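Enquirer: Build me a model from this:
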Amino acid sequence: MNHHILLSLIVLLLADASTAFAADQPPNIVLVIADDLGYSDVGFNGQRFYETPNIDALARDGMILADFYSGGPNCAPTRACINTGMYTPRHKLFTPGGQAKGDVKSMRFAVPTKGQNDPIYNTIDSMPNTIDGSHTSIAEVLGSAGYVTGRFGKWHLGEDLQGFTISSANGKPDVVGKRFYGNIDVAEQLTDAAVDFIEQNKEQPFLLYVAHWDVHSPIRARKEVVAKYEKKLETYQDNGDWDWNPIYAAMLDAVDTSVGRIRNQIKQAGLEDNTLFIFTSDNGGASFATTNRPLRGAKGAFFEGGIRVPTCAAWPTFIQPGTRSDTPLTSVDFMPTFAELSGASLPTNQPVDGRSFTKVLQGQADLQNRAIFWHYPLYLSGSGYNKVLPVSGTNKMTWRAVPSSVIRKGDYKLIYYYEYGNYKLFNLRDDVSEKNDLAEKMPEKAKQLRDELMRWVEATKAPVPTQPNPKFAP
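Expert: This next block holds a predicted model:
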């Protein structure tokens, strides 16, 4: 029998069996999120200095989601997209703090900016720094289907815990409102709590949401693990275009160890065959900490380095091991995917922008040509190789992000800059590094995508700055 025909039959049989399995016994769902982990930081995407054996094993045992995107180029918007199933213009979390960051004199438009009290700087829609408690969350959706839900780690969405059965910022009871950046023990504490949660709830379906504080700055880690990478660096050789940081490597080591421990607990509890385990990041790697090569840009930018994140998923009875999907997916897709697998109903009090990717996990060509979107109405200063955009009217590279909207559809991605009144078009299948702007060479494709993007902006009532900044002095 032809090899390709045989493989197709196997995939179809797995799909039929697993769909029935999921219907009879709703799966447990584990979602582990690293903070600021770059696309190229994991072994399954070619990393050699940092070591991620447990994350790589997860990828080998399941599917690499090679074109998975965060809902925003930084933490708060992505986490809001995951938990509400809505794009940023609907939940309105565009950036932590809800304000532009950078030199106000370099901003062409007046937008909410720290230290600017003139009403002109608040002319666009309010910029909340927390999630609206009236939104139905992913925990509430699964809770309605009988799931117990545990959230351990970074929340970054305000005081409303959105219906999680158990919530903790560091794995300890009743600790929900504190931050643990740079805490060298918190990854282990979160993992301890996750392991306990699995053991205590193994008789019922559960959602386990582990949001690590690592590898977000400050860059700190356990000395003995740092020493391992310092020794490795003594003899490590590559092309020499990045200064590898043993401390950052040790922080990632802690996240990888966590993934391994959680998977082991799932296996020991006899739950592996009925557990979907997904690993991802909330945005691209920070430019001072790591490299996102071959992707352009880093955290905060809408080039691939800011929003394409390392993602993989495993589920032995549902996902064919050793597979890969190039289907563009994004953070708002988690809610409808988990709802379909659990048999839960989606919210009726809010739009759900995402689409279920269960068929993608089963190896089927699904969602290939739907569009996904991003929007950002503010400014964000850049540093290092992440100064990717100039001050309007100059050649001075200053910004990571300026007011802009983005669409990815099929192989193509268009970024529209309100700041400059123009756009860039890239074919990501041929040019993942976004070196070749095709806007002039392919005007019809650019216009088609721009028109669809602007229809989305209008439909979602995305705030677009139009008021000139009186302090603008390029």
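
Enquirer: and Ala227, how many neighbours?
Expert: Counted with other Cβ atoms under 10 Å, residues neighbouring Ala227 total 12. All C-beta atoms are positioned from the backbone trio N, CA, C, and that covers glycine.

Enquirer: Now name the helix or strand holding it.
Expert: According to DSSP states H and E, Ala227 maps onto helix 223-235.

Enquirer: Please work out the average pLDDT along that helix.
Expert: Averaging pLDDT along helix 223-235 gives 97.

Enquirer: Tell me the bridge partners for Ala34.
Expert: On the basis of DSSP bridges, Ala34 is bridged to Ser281.

Enquirer: contact partners of the helix holding Ala227?
Expert: Phe49, Trp244, Pro246, Ile247, Ala249, Ala250, Asp253, Ala254 (Cβ atoms under 8 Å, 6 or more residues apart in numbering).

Enquirer: Tell me which two in those are the farthest apart.
Expert: Trp244 and Ala254 (16.9 Å; Cβ to Cβ).

Enquirer: Compare these two (neighbour count), which wins?
Expert: Ala254 (23 against 16).

Enquirer: Confirm that one sits in a helix?
Expert: Yes: the assignment for Ala254 is a helix, going by DSSP: H, G, I helix; E, B strand; the rest coil.

Enquirer: Would you mind measuring from it to Met86?
Expert: 32 Å (Cβ to Cβ, to the nearest Å).

Enquirer: quick one: least confident helix or strand in the protein?
Expert: One helix or strand of the chain scores below all others by mean pLDDT, DSSP states H and E: helix 3-24, with a mean of 42.

Enquirer: what about the nearest residue to Ala344 once chain neighbours are set aside, which SS state?
Expert: Nearest residue to Ala344 in three dimensions, chain neighbours excluded: Ala145, at 3.7 Å (Cβ to Cβ, 6 or more residues apart in numbering). Here Ala145 is coil, with the state taken from three-state DSSP.

Enquirer: so Ala145 touches Leu341, yeah?
Expert: No: using Cβ atoms under 8 Å, Ala145 is not in contact with Leu341; the gap is 9.7 Å.

Enquirer: If you count surrounding residues, which of those two has more?
Expert: The neighbour comparison of Ala145 against Leu341 (other Cβ under 10 Å) goes to Leu341, with 25 against 16.

Enquirer: State the helix or strand in which the more buried one lies.
Expert: helix 334-342.

Enquirer: C-terminal to that helix, what's the next element?
Expert: Next element after helix 334-342 (DSSP H and E): helix 358-361.

Enquirer: Check which element follows that following helix along the chain.
Expert: strand 371-376.

Enquirer: and that following strand, what other elements does it pack with?
Expert: helix 88-91, strand 404-409, helix 443-459 (3 or more Cβ pairs under 8 Å, 6 or more residues apart in numbering; DSSP states H and E).

Enquirer: quick check: angle from the following helix or strand past the second one to helix 443-459?
Expert: Right, the one you point to is strand 404-409. Elements were assigned by DSSP H and E; along the chain past strand 404-409, the next helix or strand is strand 412-417. Orientation of strand 412-417 against helix 443-459 (axes from the mean of the first three to the mean of the last three Cα atoms, to 10 degrees) gives an angle of 60 degrees.

Enquirer: Quick check: neighbours of strand 412-417 in the sheet, parallel or antiparallel?
Expert: Strand pairing (DSSP bridges) places strand 412-417 next to strand 404-409 (antiparallel), strand 422-427 (antiparallel).

Enquirer: Highest mean neighbour count out of these?
Expert: strand 404-409 (a mean of 23; mean count of other Cβ atoms under 10 Å).

Enquirer: from the middle of its chain, how far away would that one be?
Expert: 16 Å (Cα atoms, centre = their mean, to the nearest Å).

Enquirer: quick revisit: could you dump the strands paired with strand 412-417 into TSV and include distance to Glu458 and mean pLDDT?
Expert: Converted to TSV, those look like this (distance: least, Cβ to Cβ, whole Å; pLDDT from 0 to 100):
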stretch	distance to Glu458	mean pLDDT
strand 404-409	11	98
strand 422-427	17	98
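
Enquirer: Those into TSV, with extra columns for distance to Pro443?
Expert: Below are the strands paired with strand 412-417 laid out as TSV (distance: least, Cβ to Cβ, whole Å):
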stretch	distance to Pro443
strand 404-409	16
strand 422-427	9
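
Enquirer: Those strands: which one's closest to Leu329?
Expert: By Cβ to Cβ (comparing all of those), the closest turns out to be strand 404-409, at 10.2 Å.

Enquirer: and the helices and strands packed on strand 371-376, which is most packed in?
Expert: Of the helices and strands packed on strand 371-376, helix 88-91 is the most buried (mean count of other Cβ under 10 Å), at a mean of 24.

Enquirer: Just the pLDDT at the residue nearest to Ala344, thanks.
Expert: Looking at Ala145, the pLDDT reads 96.

Enquirer: Spell out the secondary structure type for the nearest residue to Asp238 once chain neighbours are set aside.
Expert: In space, and not counting its chain neighbours, Asp238 is closest to Arg48: 6.9 Å by Cβ to Cβ, 6+ apart. Following three-state DSSP, Arg48 is assigned to coil.

Enquirer: so Arg48 touches Asn239, yeah?
Expert: No: using Cβ under 8 Å, Arg48 is not in contact with Asn239; the gap is 11.1 Å.
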